[in-house]
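>>> Provided below for reference: sequence and predicted model.
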Amino acid sequence: MLGSLASYSVDPERGFLPALDPLVALPHEYAAIDELTGQMPSLLRSRRVRDSLRGLAPVDVDRDRRDDTRRQNTQLSLELCVLTNAWVWGEPTPDLTIPANLAVPVCTLADRLGRRPIVSHASMDLQNWRRVRPDEPLSPDNAELLVGFHGGTDETWFFTATIGVELAA
């Protein structure tokens, strides 16, 4: 027997998009992660990704300080996956030896969310946007990327085009 739409994380109005808009920012205790993901385009251009990530303090992902922990965990997982992906691929020579300050929290959150600890469609496309005009309906024209790698309109459209597909479906 098939379960309900909710048991598959499918919203009747939005499809696989979350029923509530993604968090725009993490709580204050994760400010360093927000800051690093916001700097990602310049870190990649300057090839300073690993130096910047080495200095990241260990992340406590066991805090439950918000009422909406799943949304927080989803956003934190997205940002940590982006940072981890940048660690591996963000410099001329890939480095598959991910430091514990990234590996432990990204794997813990992936297990908690039932996902793999990688940048995926579920994180980069479905959970990685905010409304440009919060008082207007969600659409590809009213969405922008929360976290990206290189920045710019092309990257935003690449990831936010999925919003139109999900809403149409």
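That came in fine, so what should we check first? Numbering: from 1, shown residues only.
>>> Would you indicate which residues of the longest helix that the chain contains are buried?
The longest helix of the chain (DSSP state H) is helix 69-89. The neighbour-count check on helix 69-89 (16 or more other Cβ atoms under 10 Å) flags 71-89 as buried. To be clear about C-beta, it is placed using only N, CA and C from the backbone, and glycine gets the same treatment.
>>> hmm, who's touching the helix or strand that comes right after that helix?
Where DSSP states H and E defines the elements, the next helix or strand beyond helix 69-89 is helix 100-113. Outside helix 100-113, the residues that touch it by Cβ atoms under 8 Å, 6 or more residues apart in numbering are 53-54, 56-59, 61-62, 70, 73-74, 76-77, 80-81, 83-84, 87, 98, 116-117.
>>> cool, stretch 128-143 as well?
Under Cβ under 8 Å, 6+ apart, the answer for stretch 128-143 is 14, 17, 21-22, 24, 78, 144-147, 157, 159-161, 163-164, 167.
>>> among those, which are in helices?
L78, W157, F159, T160, A161, I163, G164, L167.
>>> Could you pull up the contacting residues of the last one?
Taking Cβ under 8 Å, 6+ apart, we find L167 in contact with R14, G15, L17, L138, S139.
>>> Please tell me how far the most centrally placed residue in the chain sits from L23.
Residue closest to the mean C-alpha point of the chain, counted by Cα atoms, centre = their mean, is L78 at 2.4 Å. Distance of L78 to L23, computed by Cβ to Cβ, to the nearest Å: 10 Å.
>>> quick one: low-confidence ranges for this protein?
1-3, 63-68 (pLDDT under 70).
>>> Can you list the helices and strands that the longest helix of the chain packs against?
helix 31-38, helix 40-46, helix 49-54, helix 100-113, helix 121-124 (3 or more Cβ pairs under 8 Å, 6 or more residues apart in numbering; DSSP states H and E).
>>> most neighbours per residue, which of those helices?
Of all those, helix 121-124 has the most neighbours on average by mean count of other Cβ atoms under 10 Å, namely a mean of 19.
>>> Other residues contacting that one?
By Cβ under 8 Å, 6+ apart, helix 121-124 touches F16, T74, S77, L78, C81, V82, R115, F159, T162.
>>> Verify the contact between the residue nearest to the centre of the chain and D125 for me.
No - the criterion here is Cβ atoms under 8 Å, and L78 misses it with D125 at 10.5 Å.
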